[in-house]
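Visitor: sequence first, predicted model second:
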Amino acid sequence: MEDTALIDSLLGPDSEGIRLIAVSTLHGSATIDGTSDPMGNDADAKLFAALREWADVAVVGSGTVKAEGYEASTSTRLAVFSHSLNFEGFEEFIAGSPIILTPEDRADSEKAHALATAGAEIVSTGTGTVTEAIEALRARGATRISCEGGPSVYSAFIEAGLVDKLYLTMDPHLSPSVEKPVVDGSTTSPALRLELENVTPVDSTVFLRYRRISTP
């Protein structure tokens, strides 16, 4: 299968909604030696890029931005969850005009004003819930939203039932312990039930696509 056809197949039919994309080792870790860089393959990178292109906005936690060395997006707008508003050392990223999602009591702080001056758009998320953040993004016209993690952000989306599709790349690495779990939250129930839409192996890496069939 040619690259374009493969990625189109992995991406699936176009539709509005919220899509989570994650990569996991066989033992359930989201990282190897601190980042996801050693994981996945060329098809995984292209699927990630395709989901970015599909989205009106890509949501990510500030910890993932820093750990993965995110650069400012040249196409899809990035929206970053941050309470600390500490982006020291990531001035170039801030200059790329990301949306910074932060609770109302932080949105008018000195740090928030400094980030706005440096190029970011500060958006209040009210009390700070992921539901309020999504409402704020939708109020700005975003109907296609992707979530790129990390673990606590995934957990917040799942807990709130804000998952229409899940793209899970199973990487063939295996270790005796989990360095960082794919999801990391304190809520144990209710669980979302998903239905498998597609499974495609590419060079020992398996691509899974699920759709939501029920919510909390």
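Guide: Right, received. Where do you want to start? Numbers count the residues shown, from 1 in each chain.

Visitor: for Ala118, see how far away the residue positioned nearest the centre of the chain is.
Guide: The C-alpha lying nearest the average C-alpha coordinate of the chain belongs to Glu148 (Cα atoms, centre = their mean; 1.4 Å). Using Cβ to Cβ, to the nearest Å, we find Glu148 at a distance of 22 Å from Ala118. Every C-beta, even on glycine, is put in place using the N, C-alpha and C of the backbone.

Visitor: next: Arg144.
Guide: 27 Å.

Visitor: between these two, which has more neighbouring residues?
Guide: Arg144 (19 against 15; other Cβ atoms under 10 Å).

Visitor: show the contacting residues for Gly96.
Guide: Glu71, Ala72, Ser73, Leu78, Gly119 (Cβ atoms under 8 Å, 6 or more residues apart in numbering).

Visitor: would you list those residues in a markdown table and tack on neighbour count and secondary structure?
Guide: Output for the contacts of Gly96, formatted as a markdown table (neighbours: other Cβ atoms under 10 Å; DSSP: H, G, I helix; E, B strand; the rest coil):
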| residue | neighbour count | secondary structure |
| --- | --- | --- |
| Glu71 | 12 | coil |
| Ala72 | 15 | coil |
| Ser73 | 16 | coil |
| Leu78 | 22 | strand |
| Gly119 | 15 | coil |
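
Visitor: isn't there a strand covering Leu85?
Guide: No. Leu85 is assigned coil when assessed by DSSP: H, G, I helix; E, B strand; the rest coil, not a strand.

Visitor: hang on, isn't it packed against Pro103?
Guide: No. At 10.3 Å, Leu85 does not count as touching Pro103 under the criterion of Cβ atoms under 8 Å.

Visitor: what are the buried residues along the longest helix along the chain?
Guide: Assignment by DSSP state H gives helix 42-54 as the longest helix of the chain. Neighbour-count burial for helix 42-54, with 16 or more other Cβ atoms under 10 Å as criterion, is recorded at Ala43, Asp44, Lys46, Leu47, Phe48, Ala50, Leu51, Arg52, Trp54.

Visitor: before we move on, what about stretch 182-192?
Guide: In stretch 182-192, the ones that count as buried by 16+ other Cβ under 10 Å are Val182, Val183, Leu192.
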